[in-house]
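1. Provide a 3D model corresponding to the input given below.
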Amino acid sequence: MGIIAPGRYADILFISDLEKVEIIRVMANGMIVAERGRLTVEIPLKRPPDYAKKSIRVRALRPEDFEIRVSPDRRKVKALVLRPRYFGSDLDELTEELEVINGVVQRDLERGINKAAIVDRFGRGMGISFWRVGYRKGAVAMSILHDSHDISVIGATDEEMAFAVNRVVELGGGIVVVEGRKVLAEISFPIAGLMTDEAPEKVARALREVNEEAKKLEPDPSLGDHPVDAQTFMFLTCYPRKIMLTANGLINLQTGEKIPPVW
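-> Okay, here's the model as predicted:
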């Protein structure tokens, strides 16, 4: 398409190897703009307006905000336990028995059952359910949640979930990996909770770090080598998913009915 000729403007990739597609030079609008992975020109960035950096309005959360409570005399409950890449609607297939202690339904880390929550980014509510994600410790929270971009968090304890979400809110948006009360890795996305004006190299490095630290929490292999990336898409509320967790709770996406997390 187009032509490379005098007097014409061109966007061209100079490639040294057609099989590996190794790009050694980039020309944009007729100018060389990058050589061997580095920019060779300055790209001016406008400062984002203040309103774009104050888009997450969630109060400080406490560990007890993540509890799923039942009658104190219960010892066991049936719970819906979702899992990544499950696209069916059979509740029996997703039903597990979980222990109750002092009226609080417990995770089962030995079976890879964590708790997950979707926190409305404007502080209007939170949905909580159990997920078979496999984290043996820690929590991962982020404000990139296709397609609602509320805050998702998956954790081994309620304390770590609260700590991770609160840190995301402090950053104005981003991705946070924690263990105990220690931040293992994080990246800030202060522009609408989704974007940053940091240098691309710094952002790429931080994204690698959050994925590497999340892998150390021992997630289920189904999340792949990039568990943080998987979490950004895990809570999508579109086809082919039939049941999903939202800030309004577990929803049957085909009927719009709300599903209790335990019974």
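2. rest of the way, CA atoms for contacts and neighbours
-> Noted.
3. Grab the nearest non-local neighbour of Ser143.
-> Ile151 (4.4 Å; CA to CA, 6 or more residues apart in numbering).
4. Looks like Lys242 contacts Thr255 (just checking).
-> No: using CA atoms under 8 Å, Lys242 is not in contact with Thr255; the gap is 9.2 Å.
5. where do the helices sit along the stretch 1-150 of the chain?
-> Ranges of helices in the stretch 1-150 of the chain, per DSSP state H, counting those that start in this stretch, are 91-94.
6. circling back to that earlier point, okay, Lys242 and Thr255: which has more neighbours?
-> Lys242 (17 against 9; other CA atoms under 10 Å).
7. beta partners for the nearest residue to Arg75 once chain neighbours are set aside?
-> The shortest distance from Arg75 to any non-neighbouring residue, by CA to CA, 6+ apart, is to Val100 (4.8 Å). Listed by DSSP bridges, the beta-bridge partners for Val100 are Val105.
8. which non-adjacent residue is nearest Glu64?
-> Asp158 (7.1 Å).
9. hmm, who's touching stretch 98-111?
-> 67-79, 113-115, 130, 132, 134-136, 156 (CA atoms under 8 Å, 6 or more residues apart in numbering).
10. buried set for that stretch?
-> 98-100, 103-109 (16 or more other CA atoms under 10 Å).
11. Tell me which two of those sit farthest apart.
-> Gly103 and Leu109 (18.7 Å; CA to CA).
12. Please enumerate the helices of the stretch 151-263 of the chain.
-> Counting by DSSP H, counting those that start in this stretch, the helices of the stretch 151-263 of the chain are 158-171, 200-215, 227-234.
13. Would you mind finding the most buried of those?
-> Counting by mean count of other CA atoms under 10 Å, helix 158-171 has the highest mean neighbour count of the helices of the stretch 151-263 of the chain, with a mean of 24.
14. got the CA positions of that one in PDB?
-> Provided in PDB are the C-alpha atoms of helix 158-171 (Å, rounded to 0.1, in the frame of the first residue of the first chain):
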ATOM      1  CA  ASP A 158      -9.500 -10.100  53.900                       C
ATOM      2  CA  GLU A 159      -6.700  -8.000  55.500                       C
ATOM      3  CA  GLU A 160      -4.600  -8.200  52.300                       C
ATOM      4  CA  MET A 161      -7.500  -7.500  50.100                       C
ATOM      5  CA  ALA A 162      -8.400  -4.300  52.000                       C
ATOM      6  CA  PHE A 163      -4.700  -3.200  52.100                       C
ATOM      7  CA  ALA A 164      -4.400  -3.700  48.300                       C
ATOM      8  CA  VAL A 165      -7.600  -1.900  47.400                       C
ATOM      9  CA  ASN A 166      -6.700   1.000  49.700                       C
ATOM     10  CA  ARG A 167      -3.300   1.400  48.000                       C
ATOM     11  CA  VAL A 168      -4.900   1.400  44.500                       C
ATOM     12  CA  VAL A 169      -7.200   4.200  45.700                       C
ATOM     13  CA  GLU A 170      -4.200   6.100  47.200                       C
ATOM     14  CA  LEU A 171      -2.400   5.900  43.800                       C
END
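15. Show me what it is packed against.
-> With contacts taken as 3 or more CA pairs under 8 Å, 6 or more residues apart in numbering; DSSP states H and E, helix 158-171 sits against strand 139-142, strand 151-155, strand 174-179, strand 182-188.
16. what's in contact with it?
-> Residues outside helix 158-171 that contact it (CA under 8 Å, 6+ apart): 56-58, 60-64, 66-67, 138-143, 151, 153-155, 174-181, 183, 188-190.
17. Sweet, I'm off.
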